[in-house]
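*Asks:* the sequence isn't on hand, but the structure is:
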């Protein structure tokens, strides 16, 4: 039975156990819809784009086939591997001969490109064959190897075809022969291989892969990567992983690294790793998190930036960083069983991650701003339109592999029963420790409705417990079992557990009050002072120009903080969304025409005209052409004129 | 008689005429004090630092003397030239044998380095002798030539010694033989030579220098410089100078360019140049100006950035950009005679420029933030401490040459009389069109006091008019002549003119109400929403941690917008300043501990404790060790909790 991106079923220090990959099958609602588009459109689009960008032809060159020059980034191969991993997850769910043929061609190429010693990296093989491993700081060989390993493992799990797994093992063995104590020292410039090697260990049982992952993690903080342009923190080489207290440097690198550290902990249980991760998670959530779950404040160095530096229009919030955050939080959840990690995973999934892909599955953001003029600006740094691909194309196939494997993140098991972390129409299949089958059916219009109904379709006779996450954002939740109020309280930010001898046909109904509301930010976040965001359940909203009355300019509006918020389901809009309507004001800033500054005394009262504001889910913005957008909106009265 | 940085005494399209360099001699108060420090400390400090940085030794290498390798930036020579220009202005005011000897040594070096064909640039001579002029986009040869010319002209005007002028003419002639129609095409990557060539024309009367300046200005907008990293706007090569509508790209480059365009207009009167400059000035003041007069929002590309993008902590506001802005505004004033240009020059002088140098004259900011944690952060990008020199040392000698020539910007003449633009203790000497001498003495404690007294020490018998700028910031001004109220109104933002037959001993007293007040910003400036700045006269204030009560953290305070503001002269503080005291509140943000976001509903009232806040002039910050600072402070009530 195939197993998901992580197989933590036997990890000794996992509080929760991952389910098999087909343990959760999405079957309706938002995520199922996204998976269909991913399967039906994005994967083929990805194949075409990889061809167009030269990623396949680079491998052909490495294999001694084809003609031309290496094209694109040094880490071009990793785009192919992430796409292959996505294909694997989809093939595990449903056969697709066309996509499978594409994947097999790609695997042929990787196989052919691999050297007899196991090394495979088209850039270094084609462009600088004499300089292998000379530049671990920015060469991305270990990074690409990590993605190869993850793809190899996923493809084997999904299809039983071991060709790509064999390629990746040969490369991993080659790496093991090069790096290590008494061998070449090496700190991976871009983390990724660490988490991949732990997974290769989980899949193969070969402990030397785990040792090698540990070796690479141990190298950090020695300064071997040099200061580079942005200091050693750029690639997390300022302190060792056990001494880390903050999230720093390049946000994707940092989050892939913490994912790797968490994987190592799940296998070794080393307390120092656990403690460092807890400190770093606290730093993330207390200082560096956007309200969308986005991470990465700075374009410069693609970095976390300073605490509380969370700009709206100039933020980075790379799609890959949100994906990395989801991967890390999942591992933290497996480590601890604590709801806060599943909460953050949910927030990131519905907002900062999902904004990264267009509704049609053919457009991708690299950067996910919280405010936009609607125009790509500043040589494309401020992105207002999703692109079909990027010259640095890390994000698109990363989106594909996450959406393809999404069910993996919905539920876990342990010796007492099942835990449901995410909500959406699906079937959950698992088994008890004694091997007896459990099948649940989840019916819900989540996140548009808060009612989640779970029907027991198959169960052993013995009692087991079903735990459901009550999200921290939920002010009021209640639980019914077979129509009867359950007496344990459903506390926000924790799991509510029903422990009983289940029978086929039993139903559990979790009712989460899905109330729209305004959110404010810590006053230390300068970019959002005097502003509010709009949230409903896990979904963060935005004002997009397209939804407003024609004369209204969203750059000159305020929200009335006492406004009731009206929610309306609109099945035909943006793939089906609940929109929100609020009272607000159109501000006449005419007196500011041509002026940047004026004295406070002597300035007249601001003219405010009541208006209606319509908000749509943030993730759905920029699907209707160029369009101004903002997540944080001033509230009336914050612009003082006293 | 020596003439200042600009000799617009015969420029046909100058509404106002520059005075001779020694036309204004500073004799007391803030600027005179800064000039003494510049003369007594900074110039020698500069000499030592130029030696230490390798700038002199680079020239030695180019001259075939000395040993070692070229050090520093390609434009290392320009630091020497700016320093020589500063020395020239000082020598024009007062002899200083020690500094003169240093300057002559430097001139010896430049002379020796110059090739027989007139070319001189130590980087290209020493490091890449075969690649001269190959890289006009970033080679900085024309930029250095411009500074050489300015220094040569200034040194000749100040001392009568023509050696450096001769060097610069030889180089200008060499450039003229290389570039032009039917010769090599060339667009200077970093403007500077344009304004310099116009001045060389003014000084020598040789029209081919003016033609060459015009040629270089005409090259812009052809895209010859290529897109580079930041697009053609980075070096103002997106549109031609006559079609420009906005300030864009690298702010120093843009402002040196507009200064050059203004110089060309002053000599040619071409309307299209005038109109473009007016559009660009409007763009500057309506979209890109910091409240300190600082310019340049972005570290990336050292650029103006988007309209209204005026961040506090992450702004650039390079000292050189403020200097360039002063130079451009001066030329705009000469072109138009309009007070708004002198107003902006004043604002920039007292704030964004003056913050660039420490009170002791040995420390220099490159970047002038409007808010700081007090720590140098982000690999030194966020500067909280002035440095004795920079590896890119454009700013320190630029500061020196501006301070040394400051009197130049105080007054002008025209056929009707004299105009006073800036206030400070000084003597103003000029002459009427018929060559009769006028001597005025200005006595004032400006900017600490608003009373400016002007005594006529020498005057011809015939009537002439004295015009005084009434700053736009001044709400109430009055004028007395010989103790009697003058009947023409003193309108803020315009000149008030007294036209009469003067007699020796006549006095004019301009009384400018010097009232402290709060300033607010255009709501489109996101970084300062809900905040106010404090200003008194031309001086913008800041809160610096050092001046507050010990328990107060300036990151957690609000100003009471209804607070009276108490001003107090403190002669012993920061070289003598007026401090301001305001009522405000210390905010208890304890409920935000560990939280980035929370719902608006359900949050309690913020706890505010009344407190006293002390503000000091912004320019004087960071003279007492590491110290948090902020210009824009939230006002009470802007953080809503409804």
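*Replies:* Looks like it arrived, so ask away. Bear in mind the structure is a predicted one, so any value in this text is a computation, not a measurement. Numbering: from 1, shown residues only, chains lettered A, B, ... in the order given.
*Asks:* quick one: stretch A:298-313 to chain centroid distance?
*Replies:* For stretch A:298-313, the distance from its own C-alpha centre to the chain's C-alpha centre is 18 Å (Cα atoms, centre = their mean, to the nearest Å).
*Asks:* now residue A:253: which helix or strand?
*Replies:* Assigned by DSSP states H and E, residue A:253 belongs to helix A:251-268.
*Asks:* so does that helix get close to chain B?
*Replies:* No - applying Cβ under 8 Å from any Cβ of the partner chain, one finds helix A:251-268 out of contact with chain B, separated by at least 14.7 Å. Glycine gets a C-beta too; all of them are placed from N, C-alpha and C.
*Asks:* pLDDT of that helix, averaged?
*Replies:* Averaged over helix A:251-268, pLDDT sits at 98.
*Asks:* report all helices and strands that that helix contacts.
*Replies:* With contacts defined as 3 or more Cβ pairs under 8 Å, 6 or more residues apart in numbering or on different chains; DSSP states H and E, the packing partners of helix A:251-268 are helix A:193-204, helix A:207-218, helix A:271-283, helix A:319-336.
*Asks:* in JSON lines: the ones you listed, plus mean neighbour count and distance to residue A:548.
*Replies:* What follows is those, written out as JSON lines (neighbours: other Cβ atoms under 10 Å in any protein chain shown; distance: least, Cβ to Cβ, whole Å):
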{"stretch": "helix A:193-204", "mean neighbour count": "26", "distance to residue A:548": "44"}
{"stretch": "helix A:207-218", "mean neighbour count": "20", "distance to residue A:548": "50"}
{"stretch": "helix A:271-283", "mean neighbour count": "17", "distance to residue A:548": "38"}
{"stretch": "helix A:319-336", "mean neighbour count": "26", "distance to residue A:548": "27"}
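*Asks:* report the angle between the helix holding residue A:253 and helix A:207-218.
*Replies:* Here helix A:251-268 runs at an angle of 130 degrees relative to helix A:207-218 (axes from the mean of the first three to the mean of the last three Cα atoms, to 10 degrees).
*Asks:* got the angle for helix A:251-268 vs helix A:271-283?
*Replies:* Between helix A:251-268 and helix A:271-283, the angle formed by their directions is 140 degrees, by the same axes, to 10 degrees.
*Asks:* now the angle from helix A:251-268 to helix A:319-336?
*Replies:* Counting by the same axes, to 10 degrees, helix A:251-268 lies at 20 degrees to helix A:319-336.
*Asks:* wait, which of the helices and strands packed on helix A:251-268 is closest to chain B?
*Replies:* helix A:271-283 (7.6 Å; Cβ to the nearest Cβ).
*Asks:* so what touches the closest one?
*Replies:* For helix A:271-283, the surrounding residues in contact (Cβ atoms under 8 Å, 6 or more residues apart in numbering or on different chains) are A:241-247, A:258, A:261-262, A:264-265, A:307, A:332, A:335, A:341, B:594.
*Asks:* let me see the mean pLDDT of that helix.
*Replies:* Across helix A:271-283, the average pLDDT comes to 98.
*Asks:* which residue packs closest to residue A:427, ignoring adjacent ones?
*Replies:* Counting by Cβ to Cβ, 6 or more residues apart in numbering or on different chains, the nearest residue to residue A:427 once its immediate chain neighbours are dropped is residue A:25, at 4.8 Å.
*Asks:* next, format the helices and strands packed on helix A:251-268 as JSON lines and append distance to residue B:100.
*Replies:* Below are the helices and strands packed on helix A:251-268 laid out as JSON lines (distance: least, Cβ to Cβ, whole Å):
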{"stretch": "helix A:193-204", "distance to residue B:100": "65"}
{"stretch": "helix A:207-218", "distance to residue B:100": "63"}
{"stretch": "helix A:271-283", "distance to residue B:100": "58"}
{"stretch": "helix A:319-336", "distance to residue B:100": "59"}
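*Asks:* give me the neighbour count for residue A:397.
*Replies:* The tally of other residues near residue A:397 (other Cβ atoms under 10 Å in any protein chain shown) stands at 29.
*Asks:* which pLDDT value belongs to it?
*Replies:* At residue A:397, the predicted lDDT confidence score is 98.
*Asks:* quick one, phi psi at it?
*Replies:* Main-chain torsions, residue A:397, degrees, to the nearest 10: phi -70, psi -20.
*Asks:* ok, it - contacts?
*Replies:* A:46, A:50, A:79, A:80, A:82, A:83, A:85, A:86.
*Asks:* mind giving me the domain split of chain A?
*Replies:* As assigned by automatic domain parsing, chain A contains the domains A:17-409, A:411-512, A:516-634.
*Asks:* quick revisit: what's the separation between the residue nearest to residue A:427 and residue A:442?
*Replies:* To residue A:442, residue A:25 is 10 Å away according to Cβ to Cβ, to the nearest Å.
*Asks:* now residue A:352
*Replies:* 24 Å.
*Asks:* who has more neighbours out of the two?
*Replies:* The neighbour comparison of residue A:352 against residue A:442 (other Cβ under 10 Å) goes to residue A:352, with 31 against 27.
*Asks:* which one is that one nearest to, not counting chain neighbours?
*Replies:* Residue A:352's closest residue in space is residue A:294 (Cβ to Cβ, 6+ apart), at 3.7 Å.
*Asks:* can you tell me which residues in the stretch 301-450 of chain A are near chain B?
*Replies:* The stretch 301-450 of chain A comes close to chain B at residues A:305-306, A:309-314, A:373, A:377-379, A:381, as judged by Cβ under 8 Å from any Cβ.
*Asks:* what's the closest of these to residue A:187?
*Replies:* Closest approach to residue A:187 among these (Cβ to Cβ): residue A:305, at 23.1 Å.
*Asks:* name the SS class of that closest one, please.
*Replies:* Under the three-state scheme (DSSP: H, G, I helix; E, B strand; the rest coil), residue A:305 adopts coil.
*Asks:* identify the spatial nearest neighbour of it, chain neighbours not counted.
*Replies:* Take residue A:305 and drop its neighbours on the chain: the residue closest to it by Cβ to Cβ, 6+ apart is residue A:297, 3.5 Å away.
*Asks:* distance of the one you found relative to residue B:313?
*Replies:* Between residue A:297 and residue B:313 the computed distance is 12 Å (Cβ to Cβ).
*Asks:* looking at the two, which is more packed in?
*Replies:* Higher neighbour count among residue A:297 and residue B:313: residue A:297, with 25 against 18, using other Cβ under 10 Å.
*Asks:* ok, so what distance separates that one from residue A:285?
*Replies:* As for residue A:297, its distance to residue A:285 is 14 Å (criterion: Cβ to Cβ).
*Asks:* how about residue A:547?
*Replies:* For residue A:547 relative to residue A:285 (Cβ to Cβ), the value is 31 Å.
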